[in-house]
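Novice: Task: produce atomic coordinates for the following.
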Amino acid sequence: MFFIISGFIFGALIPYMARRFAKFMPATMGYALYRLIWPTKKVSKLKQIQNGQYQKLKHQYLMRSLGWAVVCSAISFAGHLCLPSSFYIALIWISLLLYEIDKRMLLLPDILTVPLLIIGFWYASVQGNFALASALGALFGYILPVAASLFMIKKHPEAFGGGDIKLISAVGAWIGADYVPLLILMSSLIFGAFCLIKREKSGAFGPSIVISTLILVFFLI
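Specialist: Modelled structure (predicted):
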């Protein structure tokens, strides 16, 4: 029950946190937390009532918040039942938040990807003999996308953004080097499917990485 409730609460806050990141893009974790708790500007209640567009956006925002709450709650509960440790809840929550931020901003902030890598490596170290596998996973997660970018740089100079590479590296610390190539392949296929469905040639790559990460963690690892 704890994971259902906590997942629901965190999921409900994902659109708000993503919106705050989009507004001020914090450079440090302390400033990020400060601005999440104390926003810089609020819309007065009178303007909220008078502005019909604001009411429409507010309704969409609430529905999106509810949707994320349900999704995060369900995945958190499934993670509690299926995954080997509750530490994976951190991977799930941070990944889902990065999904929303990248979709909104086309940016994956270091203050989320770097802690994700650190937590993954720390968890592997606590488990005993997995520290080396975690370190190699992070290393492969960084080297392979960089190498792939070098081959595609002429035709696709932005094939992998810096944030995408850091996220793959962070996930590599959780899944190990053996699964990093599969992570990249799955992410590319999912991204290609998104582009075909939306009829777009570019977009946020982070959501594809997040979806691939969840598939690997729940079904293959």
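Novice: what separates residue 138 from residue 38, distance-wise?
Specialist: Distance, residue 138 to residue 38, by Cβ to Cβ, to the nearest Å: 34 Å. C-beta here means a position set from N, CA and C on the backbone, and glycine is covered the same way.
Novice: out of these two, which sits in the busier spot?
Specialist: The residue with more neighbours, out of residue 138 and residue 38, is residue 138; 26 against 7, by other Cβ atoms under 10 Å.
Novice: which SSE is the more buried one in?
Specialist: Using DSSP states H and E, residue 138 sits in helix 131-152.
Novice: next one: residue 107
Specialist: For residue 107, there is no helix or strand it lies in under DSSP H and E.
Novice: residues contacting the residue nearest to it when sequence neighbours are not counted?
Specialist: For residue 107, the nearest residue in space outside its immediate sequence neighbours is residue 163; the separation is 6.0 Å by Cβ to Cβ, 6 or more residues apart in numbering. If you count contacts by Cβ atoms under 8 Å, 6 or more residues apart in numbering, residue 163 has them with 102, 107, 108, 109, 110, 113, 206.
Novice: let's see it at 10 Å
Specialist: Applying Cβ atoms under 10 Å, 6 or more residues apart in numbering to residue 163 gives the contacts 98, 101-102, 105-110, 112-113, 204-206, 209.
Novice: Inside helices: which ones of the residues you listed?
Specialist: Among those, DSSP state H puts 98, 101, 102, 105, 110, 112, 113, 206, 209 in helices.
Novice: on that earlier part again, tell me the secondary structure for the residue nearest to residue 107?
Specialist: Of the three states, residue 163 takes helix according to DSSP: H, G, I helix; E, B strand; the rest coil.
Novice: pLDDT score for it?
Specialist: Residue 163 is assigned 88 on the pLDDT scale.
Novice: Can you say which of the ones in helices among the contacts of residue 163 are buried?
Specialist: Buried members of these, counted by 16 or more other Cβ atoms under 10 Å: 98, 101, 102, 105, 112, 113, 206, 209.
Novice: picking up where we left off before, quick one: the ones in helices among the contacts of residue 163 as JSON lines, columns for pLDDT and distance to residue 61 too.
Specialist: Converted to JSON lines, those look like this (pLDDT from 0 to 100; distance: Cβ to Cβ, whole Å):
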{"residue": "98", "pLDDT": "95", "distance to residue 61": "19"}
{"residue": "101", "pLDDT": "92", "distance to residue 61": "15"}
{"residue": "102", "pLDDT": "92", "distance to residue 61": "18"}
{"residue": "105", "pLDDT": "86", "distance to residue 61": "16"}
{"residue": "110", "pLDDT": "87", "distance to residue 61": "26"}
{"residue": "112", "pLDDT": "90", "distance to residue 61": "21"}
{"residue": "113", "pLDDT": "93", "distance to residue 61": "25"}
{"residue": "206", "pLDDT": "92", "distance to residue 61": "21"}
{"residue": "209", "pLDDT": "96", "distance to residue 61": "25"}
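Novice: Please, which helix or strand holds residue 125?
Specialist: Applying DSSP H and E as the criterion places residue 125 in helix 110-126.
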